[in-house]
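> Next comes the sequence, and after it the predicted model I'd like to discuss.
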Amino acid sequence: MSTSHRPSISFEFFPTKTDAGHEKLLATARQLAAQQPDFFSCTYGAGGSTRDRTLNTVLQLDSEVKVPTAPHLSCVGDSKTELRGLLNLYRDAGIRRIVALRGDLPSGMGLASGELRFANELVEFIRSETGDHFHIEVAAYPEMHPQARNFEDDLSNFARKAQAGADSAITQYFFNADCYFYFVERVRKLGVEIPIVPGIMPITNYSKLARFSDACGAEIPRWVRKQLEAYGDDIESIQAFGEQVIAQMCEKLLAGGAPGLHFYTLNQAEPSLAICSALGLSR
Ligand code: FAD
């Protein structure tokens, strides 16, 4: 595939708690940097639980691994003063992209205490504070956000984020390309024109994936679930099957017009690399 027509590729990490975890994250990032991705991103614990770790990881990936890196920033539980402080730090460090989210407070942290309640308000805030400095990414939910009142409401709420000034969106992961195409078609009818990049979750471990998917509202199709269950502890077979399922879905997404792929790496290089390679996107 020629470089100029390659779909956008990005890789997401989470900040780690230990030095050993951080070293592994850097090694993973260096391996993935060889793919010349458009950007990396690093998650943020809503309520500020990873504030310093996210900040340090973003600055290190950006300056040392030399891939433009986007911090995730969430508004629940953070005051405007705290958000402004972070925005200024990122802007002064030359960061140009931000993933703007509402976030989910960890259980036990009580009700949201931030001044901004929804991601569209955070997008407005970032624009009012920093103008056009940042390229703003927002989240999209082809299978509907789990707390949305209904699908129509969720579509309108997504449109508010684009109207507030978001430049592009990354979806929650899913295992069914049709829900992505339907979502894109519906929001285009609402006048939303920003690129919507599918978020891709490689399949590497069934029990973790099942737990995670229940919480975030991603449906694992019955035929995939049954097959993964049947493999039990046979990790090699799970990974081989997972790679095939995800690569086929990605192929369909790209053939159907998806502008790129954003990989939820969970700080591992191989699963995402295997999918890029199967798609002929490897550098
Ligand atoms: P919103 O867009 O604000 O939507 C949240 C809910 O409120 C939806 O049900 C929506 O329909 C409704 N809603 C939205 N706007 C309004 C409004 N104005 N009035 C009434 N209802 C409204 N979480 C983290 O904590 N840290 C991360 O780093 C992180 N990274 C993520 C990256 C991606 C690509 C994705 C897809 C999700 C990520 N999340 C992260 C999870 C995300 O924070 C949760 O899914 C959260 O519950 C919703 O965030 P949001 O930005 O989509 O919220």
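Cool, got the structure. What you see is a predicted model, and the numbers here were worked out from it, not measured in a lab.
> give me the number of residues near Arg30?
15 (other Cβ atoms under 10 Å). C-betas here are computed from N, CA, C, even on glycine.
> Just the C-alphas of the helix or strand hosting it, formatted as CSV.
Counting by DSSP states H and E, the element that carries Arg30 is helix 19-33. Taking C-alpha atoms only, helix 19-33 is exported to CSV below (Å, rounded to 0.1, in the frame of the first residue of the first chain):
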residue,chain,number,x,y,z
ASP,A,19,8.8,1.9,36.9
ALA,A,20,8.9,-1.6,35.3
GLY,A,21,5.5,-1.0,33.7
HIS,A,22,6.7,2.4,32.4
GLU,A,23,9.8,0.9,30.8
LYS,A,24,7.7,-1.7,29.1
LEU,A,25,5.4,1.0,27.9
LEU,A,26,8.3,2.9,26.4
ALA,A,27,9.6,-0.3,24.7
THR,A,28,6.2,-1.0,23.2
ALA,A,29,5.9,2.6,22.0
ARG,A,30,9.3,2.4,20.3
GLN,A,31,8.3,-0.8,18.5
LEU,A,32,5.0,0.9,17.4
ALA,A,33,6.8,4.1,16.4
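> C-terminal to it, which secondary structure element comes first?
According to DSSP H and E, the helix or strand after helix 19-33 is strand 39-42.
> hmm, that next one in reach of the ligand?
No - using Cβ under 6 Å from any ligand atom, strand 39-42 stays clear of the ligand, coming no nearer than 7.6 Å.
> That strand pairs with which strands, parallel or anti?
According to DSSP bridges, strand 39-42 forms sheet pairs with strand 8-13 (parallel), strand 69-74 (parallel).
> Residues of the stretch 1-150 of the chain that sit close to the ligand?
43-44, 46, 72, 74, 99, 101-104, 118-120, 139, 145, 147-148.
> Only whichever of the residues you listed are buried, select them in ChimeraX.
Typed into ChimeraX, the line below selects the buried ones among these, using 16 or more other Cβ atoms under 10 Å:
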select :43,44,46,72,74,99,101,102,103,104,118,119,120,139,145,148
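> In strands, which of the residues of the stretch 1-150 of the chain next to the ligand appear?
72, 74, 99, 101, 139 (DSSP state E).
> give the contact list for the fourth one.
Spelled out, it's Leu101. 44, 46, 72-75, 119, 122, 138-139 (Cβ atoms under 8 Å, 6 or more residues apart in numbering).
> pLDDT averaged over the helix holding Arg30 - what is it?
For helix 19-33, the mean per-residue pLDDT is 97.
> With stretch 70-84 instead?
Here the average pLDDT along stretch 70-84 is 95.
> quick one: terminal-to-terminal distance for that stretch?
Separation of the first and last residues of stretch 70-84 by Cα to Cα, to the nearest Å is 16 Å.
> can you check stretch 32-40 too?
9 Å.
> And the contacts of it?
8-13, 29, 61-62, 65-70, 97, 260, 265, 269, 272-273, 276, 281-283.
> and those, which are buried?
Counted by 16+ other Cβ under 10 Å, those give 9-13, 29, 61-62, 65, 67-70, 97, 260, 265, 269, 272-273, 276, 281 as buried.
> And the nearest residue to Ala139 once chain neighbours are set aside, how close does it get to Gln147?
In this structure, Ala139 finds its nearest non-sequential neighbour in Leu101, 5.7 Å apart by Cβ to Cβ, 6 or more residues apart in numbering. To Gln147, Leu101 is 13 Å away according to Cβ to Cβ, to the nearest Å.
> Also Arg97?
26 Å.
> circling back: would you check which pair of the contacts of Leu101 lies furthest apart?
Taking Cβ to Cβ, the two most distant members of those are Ala46 and Val138; they sit 15.1 Å apart.
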